[in-house]
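Peer 1: Sequence and predicted structure, then a few things I'm wondering about:
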Protein chains: 2
Amino acid sequence: MKETSKHELDRMDRNILRALQKDGRLANADLAKMVNASAATCHRRTQRLFDEGYIASVRAQIAPATVGLGALVMVGVVLDRSTPESFAEFEKAVGAMKEVLDCNLVAGDFDYLLKIRVRDMAGFNLLHGKQLIALPGVRQIRTFFVLKEVKDNAPLPF
Amino acid sequence: MKETSKHELDRMDRNILRALQKDGRLANADLAKMVNASAATCHRRTQRLFDEGYIASVRAQIAPATVGLGALVMVGVVLDRSTPESFAEFEKAVGAMKEVLDCNLVAGDFDYLLKIRVRDMAGFNLLHGKQLIALPGVRQIRTFFVLKEVKDNAPLPF
DNA sequence: CTCGTGCTTGGAAGTTTCTTTCATTTTGAT
DNA sequence: ATCAAAATGAAAGAAACTTCCAAGCACGAG
């Protein structure tokens, strides 16, 4: 009985994932050489990794500063009440804010931690005044301006 | 006088960026149709976006849970001393930790905010005990376990 | 207004690459 | 040891990329 045919990843699979995580545009022929397989085999393996959901997507990483999003801000949010409805409402509202790149419900001093990109500090002030404090159920917001991006979106270690 | 030949991005350029941000594997022919241009023009524009640094890279997004990295943890760090050497040393050490996906120097209650992926809570405890508290110059660490990933790595809004 | 310069465009040729097919090998269970 | 199922690699066929070139457009000088 084979369930959903979720085979284990062998060494070749992992090597393919690692290579594509570094360069999603790798030509299949080159990738095949890197993992010591024929083009056909490599192509099949890669397609399986897509089909079975190991690779969620392949996306271009755009340099934020070049499109006018040079400022990064982390924000901690505390809600008024800790009810499921309160959380759901907040998450829905945040989901609609395109400036919010990450949003995580956390355990600790905050309820949510947000990662936000805007043009500059002025842009953040606008967002803060017009949208963040207007989010539903927000009791407190703590802002962490990013002074230096040491690591951003590093590849997954596996 | 042409500086570094940094033309402005026109509508077609932005459309290309947006499309590739969603799907970095788009065939040039398909992309061309989406932006209403010939394959040749689209190819040139895309190559320029790469060459001039608008697209930093194209990377496969691997589903963390499928490679044994189902747990996400945000960590706030306060250093002992606020000297350039102290910061540099900390950043170097963090740079070598593959589990740390993001690391940002921030202004606020913490010096650094880290985004960390591990297998599970046990994995984090190991990392915490063996590496995080051993990082150079660390005075205090505050841990935020992520209970729910509402948004992760959303595309840049531009 | 007209001309000329320089940049951008799109069709098509030539080349590379992908994708499928098929015979063979390997794997894994009995 | 034997068989069935799955995976592999070479090659053919299909599709895509990349370059070349003539034509179009914008813009400034005269």
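Peer 2: Structure's in. What do you need?
Peer 1: Could you measure from the residue nearest the centre of chain A over to DNA strand D?
Peer 2: Centroid-nearest residue in chain A: A:Asp102, 6.4 Å away (criterion: Cα atoms, centre = their mean). Using Cβ to the nearest atom of the strand, to the nearest Å, we find A:Asp102 at a distance of 31 Å from DNA strand D. Where you see a C-beta, it was placed from the backbone N, CA and C, and this is true even at glycine.
Peer 1: Check which helix or strand that residue maps to.
Peer 2: Assigned by DSSP states H and E, A:Asp102 belongs to strand A:100-107.
Peer 1: A:Lys22: what's it in contact with?
Peer 2: Neighbouring residues of A:Lys22 by Cβ atoms under 8 Å, 6 or more residues apart in numbering or on different chains: A:Pro155, B:Ser57, B:Arg59.
Peer 1: cool, and A:Asp23?
Peer 2: By Cβ under 8 Å, 6+ apart, the contact set of A:Asp23 is B:Ser57, B:Val58, B:Arg59.
Peer 1: ok so, going back, are there helices or strands packed against the strand holding A:Asp102, and which ones?
Peer 2: Secondary-structure packing of strand A:100-107 (3 or more Cβ pairs under 8 Å, 6 or more residues apart in numbering or on different chains; DSSP states H and E): helix A:84-95, strand A:112-118, strand B:71-79, strand B:138-151.
Peer 1: Check those for me and report the most buried one.
Peer 2: Sort the helices and strands packed on strand A:100-107 by mean neighbour count, taking mean count of other Cβ atoms under 10 Å in any protein chain shown, and strand A:112-118 sits at the top with a mean of 25.
Peer 1: For the helix or strand that comes right after it, give the mean pLDDT please.
Peer 2: Note on strand A:112-118: by DSSP H and E, the next helix or strand toward the C-terminus is helix A:121-127. Over the span of helix A:121-127, the pLDDT mean works out to 98.
Peer 1: residues in contact with helix A:121-127?
Peer 2: Here helix A:121-127 has contacts from A:Ala71, A:Val73, A:Glu99, A:Ile116, A:Val118, A:Thr143, A:Phe145, using Cβ under 8 Å, 6+ apart.
Peer 1: Which residues are in contact with the fourth one?
Peer 2: By Cβ under 8 Å, 6+ apart, the residues touching A:Ile116 are A:Leu72, A:Val73, A:Met74, A:Val75, A:Glu99, A:Val100, A:Leu101, A:Phe124, A:Leu127.
Peer 1: 7 Å instead?
Peer 2: A:Ile116 makes contact with A:Val73, A:Val75, A:Glu99, A:Val100, A:Leu101, according to Cβ atoms under 7 Å, 6 or more residues apart in numbering or on different chains.
Peer 1: If you tally nearby residues, what's the number for the fourth one?
Peer 2: To tie it back to what came earlier, the one meant is A:Val100. For A:Val100, the count of nearby residues is 24 (other Cβ atoms under 10 Å in any protein chain shown).
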